[in-house]
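Student: Could you work out the structure for the sequence below:
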Amino acid sequence: MYRCAKCNEPIRNMSPIGLQCDKCGSRIFVKERPNVKKILKSD
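Tutor: Numbering: from 1, shown residues only. I've put the predicted structure just below:
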């Protein structure tokens, strides 16, 4: 899932050509990451 970096609107239609925000027309997007804490063991 991607969000527009300018207006924070979720991107619904993922077309490989001409990807653009429907609301504001921006072409800069941020991929949403799950808010999960990872624990790593060190040796």
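
Student: Name all residues that make contact with Val10.
Tutor: Not quite, residue 10 is Pro, not Val. By Cβ atoms under 8 Å, 6 or more residues apart in numbering, the contact set of Pro10 is 1-4. (Glycine included, C-beta is placed from N, CA and C.)

Student: Let's see that with 7 Å instead.
Tutor: 1, 3 (Cβ atoms under 7 Å, 6 or more residues apart in numbering).

Student: Equivalent analysis for Tyr2, please.
Tutor: By Cβ under 7 Å, 6+ apart, Tyr2 lies in contact with 11, 29-32.

Student: neighbour-wise, which of these leads?
Tutor: The most crowded member of the contacts of Tyr2, judged by other Cβ atoms under 10 Å, is Ile11 (18 neighbours).

Student: Give me the below-cutoff pLDDT ranges for this protein.
Tutor: 14-17 (pLDDT under 70).

Student: Apply 90 and report the result again.
Tutor: Applying pLDDT under 90 to the chain flags the ranges 1-3, 10-29, 31-40, 42-43.

Student: And the strands in it?
Tutor: Here the chain has its strands, by DSSP state E, at 2-4, 29-31.

Student: Partner strands of the last one and their direction?
Tutor: To tie it back to what came earlier, the one meant is strand 29-31. If you go by DSSP bridges, strand 29-31 pairs up with strand 2-4 (antiparallel).

Student: Excluding sequence neighbours, find me the nearest residue to Met1.
Tutor: Once flanking residues are discounted, Met1 sits nearest to Glu32: 4.8 Å by Cβ to Cβ, 6 or more residues apart in numbering.

Student: State the distance from that neighbour to Lys23.
Tutor: As for Glu32, its distance to Lys23 is 17 Å (criterion: Cβ to Cβ, to the nearest Å).

Student: Around Arg4, count how many other residues there are.
Tutor: Check again: residue 4 is Cys, not Arg. 20.

Student: OK, contacts around it?
Tutor: 11, 21, 23-24, 26, 29.

Student: Can you check which of the strands of the chain gets nearest to Lys41?
Tutor: With Cβ to Cβ as the measure, strand 29-31 is the member of these nearest Lys41 (27.4 Å).
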